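Visitor: Got a sequence here, can you build the structure:
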Amino acid sequence: MDFSGLSAFHCELDDGLFHITLNRPDQGNVFGIAFCTELNAITSQISEHPGVRAVLISATGRFFSLGGDINLMSGDHAALPVIVRELTGPLHTAITRLMLMNAPVVCAVNGRGAFGGATALAASADLLIAGHEAKFGAAFTGIGFSCDSGSTIALSQRMGIARARRFLLLGETLDAQQALAEGLADKVVREDELQTEALAIARKLASGPTSAYGEIKRLFAHVSSRAAATQMEEEAMALARVARTADAWEGMTSFLQKRPARFSGG
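Guide: Take a look at the predicted model:
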């Protein structure tokens, strides 16, 4: 994998953990053309890579991300729909890959927080860790827009449909503790502990049974839209697939031998 030409991100693979850092702090890490196309390219390379066993998303600067780049959309009104499609096409593909790949995704929301599509990106992660000063803003309706970036999916899964709808319709902003109480964030820590805590969680996941994680992620993606019998049959089939893996055998063997499991991701 080669990520040497990136302008909006810094990427690094270390012992199974792939770290994606939003790296345009001077622009508030906004979702511009480079951001969306580069994230699409990154996820295209890592989504099926056997060496990627967990993903950590974090950011440099005062904000995790301010969301969509308003400057791109403030020119020709007639061109606005085309610009929206140019941004959302690669961005949505990238977020979908992160949601569906085997490797669990951890997101660390730092500084003053995430707004608009950045809130949705963070919410789409399997685990969202927030710094204690972070805020999460819906933002879309404040500029007369509807939502994107998988907002209706990720926010509904975390907050429930009615609460997610109210959050978006009213253009609400939640502080870190409110986000935790509403289910938007999984954990809140002091800002100076954020990177250490998120890294520890991501490294733990990177040493775990990757195929099993992937099956669990996909099962939860459909849990609200399936009848109970269908969902339980999907669980049974997923478990049968996982049972064929080396990690499943290692997990059972290590348990019986009363020793720590040494998962390989296979």
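
Visitor: And the contacts of the helix or strand bottoming out on mean pLDDT in the chain?
Guide: Sorting the helices and strands of the chain by mean pLDDT, DSSP states H and E puts helix 228-243 at the bottom, at a mean of 80. With contact meaning CB atoms under 8 Å, 6 or more residues apart in numbering, helix 228-243 is reached by 209, 211, 212, 215, 216, 218, 219, 222, 223, 226, 248. Quick note: C-beta positions are derived from backbone N, CA and C, even for glycine.

Visitor: If we use 6 Å, what do you get?
Guide: 211, 212, 215, 219, 223, 248 (CB atoms under 6 Å, 6 or more residues apart in numbering).

Visitor: Just give the closest residue to the first one, not the sequence neighbours.
Guide: Read it as residue 211. Nearest residue to residue 211 in three dimensions, chain neighbours excluded: residue 245, at 4.7 Å (CB to CB, 6 or more residues apart in numbering).

Visitor: Please determine how far that neighbour is located from residue 260.
Guide: Separation of residue 245 from residue 260 (CB to CB, to the nearest Å): 18 Å.

Visitor: in the protein, which spans are helices?
Guide: Secondary structure of the chain (DSSP state H): helices located at 33-46, 80-100, 117-123, 151-159, 161-169, 176-182, 194-206, 210-221, 228-243, 246-256.

Visitor: Just say which of these is most tucked in.
Guide: For the helices of the chain, the largest average neighbour count (mean count of other CB atoms under 10 Å) is found in helix 117-123, namely a mean of 28.

Visitor: Report pLDDT for the closest residue to residue 112 other than its chain neighbours.
Guide: With sequence-adjacent residues excluded and distances taken as CB to CB, 6+ apart, residue 112 is closest to residue 63, at 5.1 Å. We note a pLDDT of 97 for residue 63 in this prediction.
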